[in-house]
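# structure, please.
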Amino acid sequence: MTRTTDGSAGDADSARIGQDHSKYRRPEPSFARAIAKALGDARTVLDVGAGAGAGSYEPTDREVTAIDATAEDLPFADDTFDAAMTTFSVHEWGDLERGLAELRRVTRGPIVILTCDPDRVEDFWLAEYAPEVMATEARRYPSLARIAAALTDDAVTTTRLPIPFTCIDGFSEAYYARPERLLDPGARRADPAWSSVDEMTARRSVAALRTALESGEWDRAHGALRTQPTFEGSLVLLTAQPHPA
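Numbering: from 1, shown residues only. A predicted model of the protein is given here:
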């Protein structure tokens, strides 16, 4: 898939996102640990989509080849890498099935995919105040069943990742207990979900959230989240292991 001149795959305004990216989208340590565990003892790792929208989750203790691109035509020989990974990226690929087939072609061991389950995106409380934002976000992600079907020759496991209270990778659910953070324009710009709707819709959504917070409505409905140490939302880690020959 061809990227636009601003480096995006065309589904979000990365020029707007980029200016606040490093401040609000940093790799969350608990997610990094889960990815490292899923990679197992792999020494050589291909990271596809590196820098595409979230904090960098490239492991620092392995030999990593990072590609800021989609996966449909990988310039590597068969079985080049011990493992492959991609984080918050598969929804940007023009041909998901071909991209996953390419990942498997060049990878001997596990393929690790950090993504969101579109069936759960709109279960988050933000959908009450920003329904268009969350509906658009849900449509961006391929279903988990589609990903698994594309990796049908592998053993695929799906693990839901708890989001910690102090999550520093600022996608919407990272602020499950800190709703005021979403009133910050920088936090919204760093999340592609907000750049996918028009300015009027975004302003209307922010106004609805602000009103709910000022009136106490949000706390009456969701205040228990303010002391909840983790939140299980739409974030998932898929690991595809090749079946023994």
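# quick one: pLDDT of the residue nearest the centre of the chain?
Nearest to the mean C-alpha position of the chain, by CA atoms, centre = their mean, lies F88 at 3.0 Å. For F88, the pLDDT comes out at 89.
# kindly report the same for the one 3 residues further on.
H91 is assigned a predicted lDDT (pLDDT) of 88.
# now the one 3 residues further on
The confidence metric pLDDT takes the value 88 at G94.
# how close does it get to D73?
11 Å (CB to CB, to the nearest Å). In this view, the C-beta of every residue, glycine as well, is placed from N, C-alpha and C.
# ok now do P59, which residues does it touch?
The neighbours of P59, taking CB atoms under 8 Å, 6 or more residues apart in numbering as the test, are A32, I35, A36, L39, V45.
# what do you get if the cut-off is 7 Å, keeping everything else the same?
Contact partners of P59, counting by CB atoms under 7 Å, 6 or more residues apart in numbering, are A36, L39, V45.
# got a winner among those residues for most neighbours?
V45 (24 neighbours; other CB atoms under 10 Å).
# can you get me a residue count around the residue nearest to D73 when sequence neighbours are not counted?
Of all residues not flanking D73 in the chain, E102 sits nearest, at 6.9 Å (CB to CB, 6 or more residues apart in numbering). E102 has 20 neighbouring residues, counting by other CB under 10 Å.
# surely E102 is in a helix?
Yes. Using DSSP: H, G, I helix; E, B strand; the rest coil, the assignment for E102 is a helix.
# my guess is it contacts A69. True?
No. If you go by CB atoms under 7 Å, E102 and A69 don't touch, sitting 11.2 Å apart.
# before we move on, back to that, against A187, how distant is the residue nearest to D73?
34 Å.
# what is the neighbour count of the residue nearest to L100 when sequence neighbours are not counted?
Among residues not flanking L100 along the chain, A150 sits closest, at 4.3 Å (CB to CB, 6+ apart). When neighbours are defined as other CB under 10 Å, A150 has 21 of them.
# any idea how far A150 lies from I113?
A150 is 11 Å from I113, by CB to CB.
# repeat for Y24
Distance from Y24 to I113, by CB to CB: 23 Å.
# pLDDT weak spots in this structure?
Scanning the chain for pLDDT under 70 picks out 1-21, 50-55, 245.
# residue boundaries of the strands in it?
With strands called from DSSP state E, the chain shows them at 44-48, 63-67, 83-87, 111-116, 154-160, 163-164, 230-231, 235-242.
# what's the closest of the ones you listed to P192?
strand 111-116 (11.3 Å; CB to CB).
# before we move on, the earlier item: wait, the residue nearest to L100 touches D95, no?
No. Assessed by CB under 7 Å, A150 is found out of contact with D95, at 10.0 Å.
# run a quick neighbour tally on the closest residue in space to Y57 that isn't next to it in sequence.
Of all residues not flanking Y57 in the chain, T87 sits nearest, at 4.8 Å (CB to CB, 6+ apart). Number of residues near T87 (other CB under 10 Å) recorded here: 26.
# what's the answer for the one 5 residues further on, then?
Neighbouring residues of E92 were enumerated by other CB under 10 Å; the total is 24.
# appreciated, that's everything.
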